[in-house]
Every structure is written in structure tokens, then in C-alpha cells.
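*Asks:* What follows is a predicted structure for the sequence shown.
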Amino acid sequence: MLNIPASTKVLVLGGGPAGSTAASFLARAGVEVTLIEREMFPRYHIGESLLPSCLEIADLIGARQKIEAKGFVKKPGAYLEWGREKWSLDFGELQGQHTYSFQVDRSEFDELLLRHSEEQGVRVFEGVEVKSIENNAEGRPVKAVWAVHGDESQTGEISFDYLIDASGRHGVMSTRYLRNRQFHKVFQNIAVWGYWEGTQKGADYRDGAIAVGSIPDGWIWAIPMSGGKTSVGVVVHKDSFQAQKREADTAKIYEDAIASCPLIQRVCSGAKLVTGLKTESDYSYAAESFCGPGYFLCGDAACFLDPLLSTGVHLAMLSAMLSAAAITSVVSGEVSEQEAQSFFEKSYRQAYLRFLVFVSVFYDQRCGKDNYFKEAERLSQYEKDPSRLKQAFLNLVSGLEDLSSAEQATSHLIGEMSRRVTENLTLRKDKSTLASGSEEIKGRAQDNARFFDGVEGIPVMTPEGAIDGLYVVLKPRFGLGRFVATVEASSIVNVKKEEVRL
């Protein structure tokens, strides 16, 4: 019989990057935490290409050196043939703060993070699934009924003070109980992928870079991995996929897509598909709320975005850090539960919305569109509270604070994001100009890099990125810090920073 405790301060559902990272943060902060995972690790998972910010968060839980030593393929950036354009995009070339990441085997990467959490003091139980969640009279989740996966004769209960749902796309809380998952009508794609051996790297980009090529109804990725494998995946809109399925099977659709993309056709020339094909609906979605009394939704359990920008693990690890910081600060008694929930909800949703706008604009780059209003209208229809889009970019896009209309603000930020993306790609396209070192080019590059560091990075770790006066701090201990600005009669602004002690 498993020695699962009858109670715990924090129960984490799911051992992927979101769950294991949150658990590690909590355990390192001295909070009692138990993690339940349905599968036995290692287990397969898609999503091999990481953003550099993932390493920054891994560093904070002491796992980065293990990742560096694992032998994953180092990712210096990306190469895109998008519509009629070609870009080699290297991390850090615009003087941003990150210079590389990794292409990982998720079975190895996820297990590494899970085992690391155990070393931090997390009680981990694999092969155990949650059968139900029980609420108290106030509607707060307080107990989980569990059973050994495949053997329901072994069952039990565990009570908790706080719940982190990191159960992935299954989304225990969101799909079973809250029923608040909303699907994005624009990004309803189907992904088909497999693994190849003997692929060719093009001369136009660096070793380890992800190669991305657009096709009429979508795009294709090629991710080099350790052991000589390459992950090659086709992403097409569901309507196109279903239309093609009337005349061809999935394998034929996959082959035809590769044949229609010169870049990926070159990559796969002479190579061999060595696995069967996997298919998944990459429908973008977000829960209407990411947290509530006593619970937090992290990673794919809260939201999922089109994989074009490789945001999955980033959002998982970011939300893990945010939820752990919120809980530790509540447990310490320095921050109210209402404050912590508001901080988590706003900071996580803003990160998601920034990427949502980014990927929306990037898709339009392929079509050469300049129709900001149309894209703004689509985003406003998706986001029930369009003002949240405005709030997500207030610190990044000038002029938004002067626009009272949510629709005007959304159109403005779409236009600004499109301008920034175009500028970013233009700067990167002519490497000789970028390397010239002129003050004008250097200034534009630095400004552009700061903007996208704000989109792709972790702005809530600085006072400037504070949400309702709260931001994540590491000293004297991990948790939430207060940023308080007061204006005196002399109109001189005095800024006071208070780090919450845990």
C-alpha cells in the first residue's frame, strides 16, 4: 500500500514541468507539499523546444546545472521561412538578456525536474490518479480521493490547505468542476508529428536551431534532438485537415505537407521516418479564471496556446513560480489570500495574453497583412474582458493608458506589436547592418530587445513589473514583495520597497 499521507499543506496534481517546478519552489521555501502523478515517469510528452526563460526559472530551483549536464541539444535560436521571407533568429543578437536554450527529450527533461523535486523534499507518488475533489461548505477544495492507476482497490483520501492543479490538458479542476475552459476560435489547429533519422541541417542557420516553415494552411517544425533524432511536425487548421481527410489518410496529409514546404523538404531529404505518427488537437484555450479560494491552475491545466512560439514549458514553469510565491506568502501570513489570488490571476493571464497577441501578429506576417483592426476585433471577441489585454501591455506599449476604449486599446497594441515584430525581423535579416555597431542601430536593437524580454521573460520579478504592488522576490526568502509608491505634497515621488518575509 502506498504511504500517501492523510493530509498535506499543499497538494500538487501532476508531475510535469508545472507541477514539479511549483513543488520544488514550495519545498525549498519550507512548505509541506505532496505531489500526485497519474503516470509512471519517464513518460512521453510533446513540446521539445524550450525558451531561454525556462533555464532562468530552473536556476531558481537549483535544477539548471542538471539540465546543462544532461546532453540535450543546445538551441541558439530559430530559422524561419515564413511566406516569402527568410529569417535566422539568434537569441541575444539584439542584446537581449538570453542567449540560448535547449531542445529536450521531454521524457528525460520532465523526469529530471520531478526527481529534482524529490531531492528538495517533495513527497512524490507516481501511478496515482485523483478520482474526485471534495469542497467544504464554502466551496473551497479541501480533500482529494485518490486511487492507484489501474488498481482501484488501492484507494484513499488526502486533505490539504491549498491545491495546485498542474494536471495538464486534462485539467481536473477546469474541466470536471469549474467547467470554465474557453476555446479560442482562431487557433483551432491539428498537429501531426513523428521522429526522423538522417535529416539534413540547412546552411542558412546554426546547429541546434529549430527550423520553421510556413505552408498555405499552417506551418511545419523541425527540431533537432539528441541521439540523431529530429522531431518534424505539421500544424494545420482543423477545417483544412478535415477537408483533406475526406480524400487521404493522416500519413498522406503529413507527407504532402512536407513536400509543399521547401525548407522541411530539404531537412527530410534522404532521411527516414522511424516512428509512427502522433496526432493532437492544438486547440488554444484558457480557463475563465486561473485560481479561486484555495486553488491555483498551472500550465496546460489553465491555458494552452498555439505552439508556434514554443511557449508551453515557459508558461508552465512561470505559472509554477507564481503560484508557489503566492502560496508561500499566504502561509507566512504576510499577504492575504485575496491579494495572492489577484496577483496570480493577473500576472499569469497577462503572460498568456502577451503571447496570444504575439502569435496572432506573427501569423499575420505570413500573409503580409496590416489589418490591425480585424485582428483586434478577433482578440476582443475571444477575451470576454478586453481591458485585460490593455493591462497586459501597459508597461510595454506607450499610449495605451490614454485610450479609454478597450477596442481602441486592443487595436493600438496590435499595431504596436506588429511594428515591433517587423522591426525585430528587419534588424535580424541584415546581419551586416546589425553588426555595424552604429549608435542608431544599437539603440533600436536594445529597445526592441527590452520589449520582447518583457513579452518572453519574467517581468514580475522586478518592482517595475509589480502587479497591484506585488512582485516575486528571492531575498531574504522566496515569496512576494511589496512595491509601494507614495506621492508627497512636494510632488516628489518616494518609492518604498518591502520584501515579504516568509
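*Replies:* Structure's in. What do you need?
*Asks:* When you work out contacts or count neighbours from here on, use the C-alpha atoms and nothing else.
*Replies:* Noted.
*Asks:* Go through the helix or strand harbouring residue 116 and flag the buried ones.
*Replies:* Residue 116 belongs to helix 106-119 when assigned by DSSP states H and E. By neighbour count with 16 or more other Cα atoms under 10 Å, helix 106-119 contains the buried residues 106-118.
*Asks:* Name the residues that touch it?
*Replies:* 15-17, 20-21, 23-24, 27, 41-48, 63, 66-67, 124 (Cα atoms under 8 Å, 6 or more residues apart in numbering).
*Asks:* Next secondary structure after it?
*Replies:* That would be, after helix 106-119 and using DSSP H and E, strand 123-126.
*Asks:* name the helices or strands packed onto that following strand?
*Replies:* Judged by 3 or more Cα pairs under 8 Å, 6 or more residues apart in numbering; DSSP states H and E, strand 123-126 is in contact with strand 33-37.
*Asks:* Output the below-cut-off pLDDT ranges for this protein.
*Replies:* Within the chain, the segments meeting pLDDT under 70 span 1, 93-98, 364-414, 429-434, 436-437, 485-502.
*Asks:* longest helix anywhere in it?
*Replies:* helix 337-367 (DSSP state H).
*Asks:* Could you list the alpha-carbon positions for the helix holding residue 116 in CSV?
*Replies:* Extracted as CSV, the C-alpha positions of helix 106-119 are listed here (Å, rounded to 0.1, in the frame of the first residue of the first chain):
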residue,chain,number,x,y,z
ARG,A,106,10.5,15.6,-22.7
SER,A,107,10.5,12.2,-21.1
GLU,A,108,14.1,12.9,-19.8
PHE,A,109,13.5,16.6,-19.1
ASP,A,110,10.3,16.1,-17.1
GLU,A,111,11.7,13.2,-15.1
LEU,A,112,14.8,15.3,-14.3
LEU,A,113,12.6,18.0,-12.8
LEU,A,114,10.4,15.5,-11.0
ARG,A,115,13.4,13.7,-9.4
HIS,A,116,14.8,17.1,-8.5
SER,A,117,11.7,18.0,-6.6
GLU,A,118,12.0,14.8,-4.6
GLU,A,119,15.5,15.9,-3.7
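*Asks:* So for the protein, the centremost residue is which one?
*Replies:* residue 315 (2.3 Å; Cα atoms, centre = their mean).
*Asks:* Surely that one is within a strand?
*Replies:* No: applying DSSP: H, G, I helix; E, B strand; the rest coil, one finds residue 315 to be helix, outside a strand.
*Asks:* Distance-wise, check it relative to residue 108.
*Replies:* Going from residue 315 to residue 108 by Cα to Cα, to the nearest Å gives 19 Å.
*Asks:* repeat for residue 82
*Replies:* For residue 82 relative to residue 108 (Cα to Cα), the value is 31 Å.
*Asks:* Then residue 362?
*Replies:* From residue 362 over to residue 108 (counting by Cα to Cα), the distance is 31 Å.
*Asks:* And for residue 116?
*Replies:* From residue 116 to residue 108 the distance is 12 Å (Cα to Cα).
*Asks:* cool, and residue 271?
*Replies:* Computed as Cα to Cα, the residue 271 to residue 108 distance reads 24 Å.
*Asks:* Equivalent analysis for residue 218, please.
*Replies:* On the measure of Cα to Cα, residue 218 and residue 108 end up 29 Å apart.
*Asks:* sec struct for residue 242, please.
*Replies:* Once three-state DSSP is applied, residue 242 turns out helix.
*Asks:* count of neighbours near it?
*Replies:* Using other Cα atoms under 10 Å, residue 242 is surrounded by 13 other residues.
*Asks:* does residue 89 count as helix, strand or coil?
*Replies:* The three-state assignment at residue 89 reads strand, by three-state DSSP.
*Asks:* Isn't it up against residue 77?
*Replies:* Yes: using Cα atoms under 8 Å, residue 89 is in contact with residue 77, at 5.5 Å.
*Asks:* which one of these two has more residues nearby?
*Replies:* Remark: of residue 89 and residue 77, residue 77 carries more neighbours, 25 against 22, as counted by other Cα under 10 Å.
*Asks:* Identify the spatial nearest neighbour of that one, chain neighbours not counted.
*Replies:* Spatial nearest neighbour of residue 77, chain neighbours left out: residue 90 (4.3 Å); criterion: Cα to Cα, 6 or more residues apart in numbering.
*Asks:* Number of residues surrounding the one you found?
*Replies:* Here the number of neighbours of residue 90 (other Cα under 10 Å) works out to 19.
*Asks:* and if you look at residue 476?
*Replies:* Neighbours of residue 476 (other Cα under 10 Å): 10.
*Asks:* Next, residue 154: secondary structure please.
*Replies:* Look at residue 154: counting by three-state DSSP, its state is strand.
*Asks:* Show me what whichever strand or helix holds residue 230 is in contact with.
*Replies:* Using DSSP H and E, residue 230 sits in strand 229-237. With contacts defined as Cα under 8 Å, 6+ apart, strand 229-237 is touched by 187-199, 217-225, 254, 257-258.
*Asks:* 7 Å instead, please
*Replies:* 188-197, 199, 217-224, 254, 257 (Cα atoms under 7 Å, 6 or more residues apart in numbering).
*Asks:* before we move on, what about stretch 283-292?
*Replies:* Applying Cα under 7 Å, 6+ apart, the contact partners of stretch 283-292 are 174, 180-184, 187-189, 296-297, 302-306, 341, 345.
*Asks:* Ok, stretch 260-267 next?
*Replies:* 81, 199, 200, 201, 202, 213, 214, 215, 258, 259.
*Asks:* Out of those, give me the one that has the most neighbours.
*Replies:* Busiest of the contacts of stretch 260-267 [other Cα under 10 Å] is residue 214, holding 26 neighbours.
*Asks:* Now that residue: phi and psi?
*Replies:* The phi and psi values for residue 214, taken as degrees, to the nearest 10, are phi -90, psi 150.
*Asks:* That one and residue 329, how far apart?
*Replies:* Residue 214 is 45 Å from residue 329, by Cα to Cα.
*Asks:* One more: residue 33?
*Replies:* 15 Å.
*Asks:* Same question for the longest strand seen in the chain: list its buried residues.
*Replies:* Determined from DSSP state E, the single longest strand within the chain is strand 181-197. Residues of strand 181-197 classed as buried by neighbour count (16+ other Cα under 10 Å): 181-184, 187-197.
*Asks:* Out of the residues you listed, the closest to residue 141 would be?
*Replies:* residue 181 (18.4 Å; Cα to Cα).
*Asks:* The nearest residue to the closest one once chain neighbours are set aside - how many residues pack around it?
*Replies:* Spatial nearest neighbour of residue 181, excluding adjacent residues (Cα to Cα, 6+ apart): residue 287 at 4.1 Å. Close neighbours of residue 287, defined as other Cα under 10 Å, add up to 23.
*Asks:* Next one: residue 287 from residue 297, what distance?
*Replies:* Distance, residue 287 to residue 297, using Cα to Cα: 9 Å.
*Asks:* Tell me where the stretch 351-500 of the chain has strands.
*Replies:* 470-473, 479-487, 493-499 (DSSP state E, counting those that start in this stretch).
*Asks:* what ranges do the helices span in the stretch 351-500 of the chain?
*Replies:* Secondary structure of the stretch 351-500 of the chain by DSSP state H, counting those that start in this stretch: the helices cover 372-382, 387-393, 406-429, 431-434, 439-456.
*Asks:* Just grab the bridge partners of the residue lying closest to residue 7 once chain neighbours are set aside for me.
*Replies:* Leaving aside its chain neighbours, residue 7 sits nearest to residue 159 (4.5 Å; criterion: Cα to Cα, 6+ apart). Assessed by DSSP bridges, residue 159 has beta-bridge partners residue 7, residue 143.
*Asks:* Quickly note the distance from residue 159 to residue 34.
*Replies:* Distance from residue 159 to residue 34, by Cα to Cα: 11 Å.
*Asks:* Sounds good, over and out.
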